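[1] based on what follows, work out the 3D shape:
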Amino acid sequence: MRVSSLTSREKVIVVFATVHLIFLLFGVLPLPWRDRIHLTPVFSFYERITRSHQVWNMFDTIPNMHSLDARLVVKEGGQKPHLVGMVLPGLRRFSQNDQVRFHNWMMNTIFNPSRGVFRESYMKSAAAALLSSGRYGPDAEVSLEALPLYTRSLLGVRTLKEIAVERPSVLGPFRLGALVARNTANPPTP
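    This is a model prediction of the structure:
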C-alpha cells in the first residue's frame, strides 16, 4: 500500500506548524534558560514578526508584590505637591485588592515605551479631569508615580532584614494646559 505524498501546500503547513511548535516550547522556558541558548536572537526575531511575545507572570511566586501605590502628583507654583488618585473616571484611588491588575496595566500599557498612544491618551484624560475639578490651573504640572514593593526572596529577607524592595516608576512631569490643549486640538471623530 502506497502512502499518498503531501502537496506543496501541505508541506508548507507542516513546516510552519513544526517551527511554531518549537517556538511555543521555547517560549515557556524560564528566561534565564532561554538567554543561555544560542538561538535566542532567532526566536526573538520570530516573536517580533509574529507578534507572539508571551508573558508568563501568572506563574510568579505568590506573593510577588508586597504592596503597590500609584497616584498622580500635581505641583503648582511653589506649593506643596498634591497626591491624587489615578483611576479614571473620577481620579479615584485604587484598592490594594486590585494591585496586580493595575500594576500589569501600568507596566504593560502606560510605562511601556512602545505603547505611547495609550500613555498619551491616559495622561490627556487625567489632565482634563484635573482641570475640570477646578482645583488646578493650566500651568500646574502632573506626574504619574507607580511605587510597587516587590517581595524579596527568603535569602534577601534574612540578609537585608527587609521584606520588600521598592522599584518606583515615574511618568512626567507634564503641564496640564499643554496636555488638554493637545486633547482639544485633536477631538475624537464619531
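[2] what pLDDT does the most centrally placed residue in the chain get?
    Closest residue to the average C-alpha location of the chain: Asn108 at 1.7 Å, with C-alpha atoms, centre = their mean. With respect to pLDDT, Asn108 scores 79.
[3] repeat for Lys80
    At Lys80, pLDDT is 91.
[4] which SS state does it fall under?
    coil (DSSP: H, G, I helix; E, B strand; the rest coil).
[5] who touches it in this structure?
    With C-beta atoms under 8 Å, 6 or more residues apart in numbering as the criterion, no residue contacts Lys80. Quick note: C-beta positions are derived from backbone N, CA and C, even for glycine.
[6] separation between it and Val73?
    11 Å (C-beta to C-beta, to the nearest Å).
[7] what does Leu29 give?
    40 Å.
[8] just Pro138 next, same as before
    Pro138 is 17 Å from Val73, by C-beta to C-beta.
[9] those two: who's more crowded?
    Under the neighbour definition other C-beta atoms under 10 Å, Pro138 and Val73 were set side by side, and Val73 has more, 17 against 14.
[10] that one falls within a strand, correct?
    Yes - Val73: assigned to a strand according to three-state DSSP.
[11] what pairs with it across the strands?
    The partner list for Val73 in beta bridges (DSSP bridges) reads Leu83, Ser143.
[12] correct me if wrong: it contacts Ala140.
    No - if you go by C-beta atoms under 8 Å, Val73 and Ala140 don't touch, sitting 10.4 Å apart.
[13] quick one: the longest helix along the chain to chain centroid distance?
    In the chain, assigned by DSSP state H, the helix with the most residues is helix 8-27. Here helix 8-27 is found 30 Å from its chain centre; the criterion is C-alpha atoms, centre = their mean, to the nearest Å.
[14] pull the CA atoms of whichever helix or strand Ser125 is part of into PDB?
    Taking DSSP states H and E as the definition, Ser125 sits inside helix 116-132. Output of helix 116-132 as PDB, limited to C-alpha atoms (Å, rounded to 0.1, in the frame of the first residue of the first chain):
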ATOM      1  CA  GLY A 116       2.900  55.800  23.500                       C
ATOM      2  CA  VAL A 117      -0.700  56.100  22.200                       C
ATOM      3  CA  PHE A 118      -2.200  54.600  25.300                       C
ATOM      4  CA  ARG A 119       0.100  56.600  27.600                       C
ATOM      5  CA  GLU A 120      -0.700  59.900  25.900                       C
ATOM      6  CA  SER A 121      -4.400  59.200  25.900                       C
ATOM      7  CA  TYR A 122      -4.400  58.400  29.600                       C
ATOM      8  CA  MET A 123      -2.400  61.500  30.500                       C
ATOM      9  CA  LYS A 124      -4.700  63.700  28.400                       C
ATOM     10  CA  SER A 125      -7.800  62.300  30.100                       C
ATOM     11  CA  ALA A 126      -6.200  62.700  33.500                       C
ATOM     12  CA  ALA A 127      -5.200  66.300  32.800                       C
ATOM     13  CA  ALA A 128      -8.700  67.100  31.600                       C
ATOM     14  CA  ALA A 129     -10.200  65.600  34.800                       C
ATOM     15  CA  LEU A 130      -7.700  67.600  37.000                       C
ATOM     16  CA  LEU A 131      -8.500  70.900  35.200                       C
ATOM     17  CA  SER A 132     -12.300  70.300  35.300                       C
END
